[in-house]
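Asker: Pasted the sequence and its predicted model underneath.
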6 protein chains.
Amino acid sequence: MPVITIDTPALNKEQKRELVNSFAKSASKIIGLPVSAMVIIINEVESENVGVGDTLLCDRQQSE
Amino acid sequence: MPVITIDTPALNKEQKRELVNSFAKSASKIIGLPVSAMVIIINEVESENVGVGDTLLCDRQQSE
Amino acid sequence: MPVITIDTPALNKEQKRELVNSFAKSASKIIGLPVSAMVIIINEVESENVGVGDTLLCDRQQSE
Amino acid sequence: MPVITIDTPALNKEQKRELVNSFAKSASKIIGLPVSAMVIIINEVESENVGVGDTLLCDRQQSE
Amino acid sequence: MPVITIDTPALNKEQKRELVNSFAKSASKIIGLPVSAMVIIINEVESENVGVGDTLLCDRQQSE
Amino acid sequence: MPVITIDTPALNKEQKRELVNSFAKSASKIIGLPVSAMVIIINEVESENVGVGDTLLCDRQQSE
């Protein structure tokens, strides 16, 4: 704790490294707790499992 | 925001479309915020990753 | 299960009633599981605890 | 409800059975609600999707 | 990590102590990770913020 | 979407501003999606509602 969870489109491993590094360091500095206390969970969500407004993200992308 | 998350058994794409459409429109009408503000995350969970009472859903289904 | 969670601005009790009623019935019909299986958690979030883009919702509302 | 969610490394089916059985029974006894009211969601997370401190779990394991 | 979250009716501090103690020890034994790695978040939810089936828990309790 | 949730000890408004600003900008840069697409939910959790290992955070703090 703190626990940070991010629901995101699929990422490559380098993006995950940067995200975890950036979030842990920012949160540590702002909240005033050690970097080592941070736990970050990356939840990759396919575009057919996300709705923005009343439309699936996968349908919205096709129509754009 | 609002953000709606649903943990559900596997769904086909048409079911996902209907769910997102229905949730976004209902929430918009009831809460009084635009449909476009709604974010919906569908989290499909296998029956061996769900416990109902003290039993995995996959075991319960087999014994029924 | 299914479990539906909604992060939302504060609601009155009548809005909560309608939301739960609407979500449970829609999800039951679309997913094909009994209404009684649905669990819905309403998480009311203050506008200073929500960021949209890089701005707190409470700051955005003041500047509009 | 209550709803218990666990983010965990991959587990085999026997581990999931034990976890659900143990959590449901403990929670029922401590909270004072029937075992049958408990819903448990197991979310298996790959080590490249978890950050502990500023490092991905998959990188930390390699360097140990 | 592992991270365990429980949505529950209000609990007193002794119940919270027992829950955390029980969950951390069970999860450690079953998953095979140190007790110290466990993070548990207790989310107390009022009965007017929970729907079971299509009914708020607070309404269901009154009619029983 | 992306949706970022953080479970954290209580923060003041300036800390929340900085957190949202930092997370939204980092995530946008790393993931390659517009800052405006980010939704961030701050969930302040009291120390008696967090377990680290088998101990409530509020008990651990007293004994330190």
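Answerer: That came in fine, so what should we check first?
Asker: what comes up buried for stretch A:39-55?
Answerer: Buried residues in stretch A:39-55, counted by 16 or more other Cβ atoms under 10 Å in any protein chain shown: A:39-43, A:45, A:47-55. In short, each C-beta sits where N, CA and C put it, glycine included.
Asker: Any part of it near chain C?
Answerer: No - residues of stretch A:39-55 are not located near chain C by Cβ under 8 Å from any Cβ of the partner chain, the shortest gap being 12.4 Å.
Asker: tell me the angle of the longest helix that chain A contains relative to helix F:13-31?
Answerer: Identified as the longest helix of chain A according to DSSP state H is helix A:13-31. Between helix A:13-31 and helix F:13-31, the angle comes out at 170 degrees (axes from the mean of the first three to the mean of the last three Cα atoms, to 10 degrees).
Asker: Mind listing residues that contact helix A:13-31?
Answerer: By Cβ atoms under 8 Å, 6 or more residues apart in numbering or on different chains, the residues outside helix A:13-31 that reach it are A:2, A:4, A:6, A:11, A:33-35, A:37-38, A:40, A:42, D:48-49, D:51, D:53-56, D:58-59, F:6, F:8-9, F:11, F:15, F:18-19, F:22-23, F:26-27, F:30-31.
Asker: What subset of those is buried?
Answerer: Applying 16+ other Cβ under 10 Å to the contacts of helix A:13-31, the neighbour count classes A:2, A:4, A:6, A:11, A:35, A:37-38, A:40, A:42, D:48-49, D:51, D:53-56, D:59, F:6, F:8, F:11, F:15, F:18-19, F:22-23, F:26-27, F:30-31 as buried.
Asker: which parts of chain A sit against chain E?
Answerer: Residues of chain A lying near chain E (Cβ under 8 Å from any Cβ): A:1, A:3, A:39, A:41.
Asker: out of those residues, who's near chain D?
Answerer: A:39, A:41.
Asker: Which of the residues of chain A next to chain E fall in strands?
Answerer: Residues of these located in strands (DSSP state E): A:3, A:39, A:41.
Asker: For chain F, state which of those residues is nearest.
Answerer: Using Cβ to the nearest Cβ, A:V3 is the member of these that sits closest to chain F, with 4.5 Å.
Asker: which ones are touching the closest one?
Answerer: Taking Cβ under 8 Å, 6+ apart, we find A:V3 in contact with A:39-41, E:3, E:39, E:41, F:6-7.
Asker: Next, format the residues you listed as JSON lines and append pLDDT.
Answerer: Shown next, in JSON lines, are the contacts of A:V3 (pLDDT from 0 to 100):
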{"residue": "A:V39", "pLDDT": "98"}
{"residue": "A:I40", "pLDDT": "98"}
{"residue": "A:I41", "pLDDT": "98"}
{"residue": "E:V3", "pLDDT": "98"}
{"residue": "E:V39", "pLDDT": "98"}
{"residue": "E:I41", "pLDDT": "98"}
{"residue": "F:I6", "pLDDT": "98"}
{"residue": "F:D7", "pLDDT": "98"}
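Asker: Which pair of the residues you listed spans the longest distance?
Answerer: Pairwise distances across these (Cβ to Cβ) peak at 14.4 Å, for the pair A:I40 and E:I41.
Asker: Assign the residue nearest to the spatial centre of chain A to helix, strand or coil.
Answerer: Here the mean C-alpha position of chain A is nearest to the C-alpha of A:I6 (Cα atoms, centre = their mean), at a distance of 2.9 Å. Using DSSP: H, G, I helix; E, B strand; the rest coil, the structure places A:I6 in strand.
Asker: show me what contacts the closest residue to it other than its chain neighbours?
Answerer: In this structure, A:I6 finds its nearest non-sequential neighbour in F:I4, 4.8 Å apart by Cβ to Cβ, 6 or more residues apart in numbering or on different chains. Going by Cβ under 8 Å, 6+ apart, F:I4 touches A:4-7, F:23, F:27, F:38-41.
Asker: For chain A, give the residue positioned nearest to chain B.
Answerer: Closest to chain B within chain A is A:G51: 3.2 Å, counting by Cβ to the nearest Cβ.
Asker: Briefly note if the helix or strand of chain A with the lowest mean pLDDT comes near chain B.
Answerer: Within chain A, no helix or strand scores below helix A:57-63, which has a mean of 82 by mean pLDDT, DSSP states H and E. Yes - Helix A:57-63 lies within reach of chain B by Cβ under 8 Å from any Cβ, at A:58-59.
Asker: next one: that helix to chain centre, how far?
Answerer: 21 Å (Cα atoms, centre = their mean, to the nearest Å).
Asker: How about stretch A:32-45?
Answerer: Averaging C-alpha positions (Cα atoms, centre = their mean) puts stretch A:32-45 10 Å from its chain's average.
Asker: now the end-to-end length of it.
Answerer: 31 Å (Cα to Cα, to the nearest Å).
Asker: does any part of it sit near chain B?
Answerer: Yes - among the residues of stretch A:32-45, A:V45 lie within reach of chain B under Cβ under 8 Å from any Cβ.
Asker: How about residues contacting that stretch?
Answerer: If you take Cβ under 8 Å, 6+ apart as the criterion, stretch A:32-45 is touched by A:1-11, A:16, A:19-20, A:23-25, A:27-28, B:41-43, D:7, D:45, D:49-54, E:1, E:3, E:39, F:1, F:9.
Asker: separation between A:T8 and chain E?
Answerer: Distance, A:T8 to chain E, by Cβ to the nearest Cβ, to the nearest Å: 17 Å.
Asker: Provide the partner residues of that residue in its beta bridges.
Answerer: A:E44 (DSSP bridges).
Asker: same question, A:V3
Answerer: In beta-bridge terms (that is, DSSP bridges), A:V3 pairs with A:V39, F:D7.
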